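Undergrad: 3D, please:
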Amino acid sequence: MSSSTSFGALSSKYRSLIWSSLDCDLVKTALFYSERYFYSDQDNHDARHLLALSLHRCGQTHSAQNLVGDKTRRENCMGCTEVYAQCCTALGRFRQGQDALQVCLEKVGPSSGERQPTFGNFGDFFMEWRC
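TA: The predicted structure is shown next:
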């Protein structure tokens, strides 16, 4: 068995453990495994995404936002954009989250020629909701 095959199996096991832990709201367990997964392969985008999601779910919002905060990374991954926007919302940075999601929607573009939805006063809605 080659090392790449064994690492692929290990990566699959990590992903399964992390998603199962997040689904069961075992956020500290998910964070434990996502840290190991990310530090075993720091170039793996899936590992970075799962670590950011686990950090956010554990309440370590600033760390999660820094992990997925690179604009080029967000532009290439809708999942990272979603985690970034969730972090912005948790930190009260509604405009930054809205702008990131808007850029993501513009990149995807309309699928059937329909008008693209906009967020409008999304930040105002959350300000009222949180107060």
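Undergrad: could you list the buried residues of the host helix or strand of residue 105?
TA: Following DSSP states H and E, one finds residue 105 within helix 94-108. Buried positions in helix 94-108, judged by neighbour count with 16 or more other Cβ atoms under 10 Å: 94, 96-98, 100-102, 104-105. Quick note: C-beta positions are derived from backbone N, CA and C, even for glycine.
Undergrad: for stretch 81-93, same thing?
TA: So for stretch 81-93, counting by 16+ other Cβ under 10 Å, buried means 81-89, 93.
Undergrad: and for stretch 42-59?
TA: 44, 46-57.
Undergrad: tell me the mean pLDDT for it?
TA: Mean pLDDT, stretch 42-59: 91.
Undergrad: alpha carbons of it, in PDB - could you do that?
TA: Taking Å, rounded to 0.1, in the frame of the first residue of the first chain, the C-alpha atoms of stretch 42-59 are listed here in PDB:
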ATOM      1  CA  GLN A  42      -2.100  22.200   5.000                       C
ATOM      2  CA  ASP A  43      -2.500  22.500   1.200                       C
ATOM      3  CA  ASN A  44      -5.800  20.600   1.300                       C
ATOM      4  CA  HIS A  45      -8.700  22.900   0.700                       C
ATOM      5  CA  ASP A  46     -11.200  20.500   2.200                       C
ATOM      6  CA  ALA A  47      -9.200  20.300   5.400                       C
ATOM      7  CA  ARG A  48      -9.000  24.100   5.600                       C
ATOM      8  CA  HIS A  49     -12.700  24.500   5.100                       C
ATOM      9  CA  LEU A  50     -13.600  21.900   7.700                       C
ATOM     10  CA  LEU A  51     -11.300  23.500  10.200                       C
ATOM     11  CA  ALA A  52     -12.800  26.900   9.700                       C
ATOM     12  CA  LEU A  53     -16.300  25.400  10.000                       C
ATOM     13  CA  SER A  54     -15.300  23.700  13.200                       C
ATOM     14  CA  LEU A  55     -13.700  26.800  14.600                       C
ATOM     15  CA  HIS A  56     -16.800  28.800  13.900                       C
ATOM     16  CA  ARG A  57     -19.100  26.300  15.500                       C
ATOM     17  CA  CYS A  58     -16.900  26.300  18.600                       C
ATOM     18  CA  GLY A  59     -17.200  30.000  18.900                       C
END
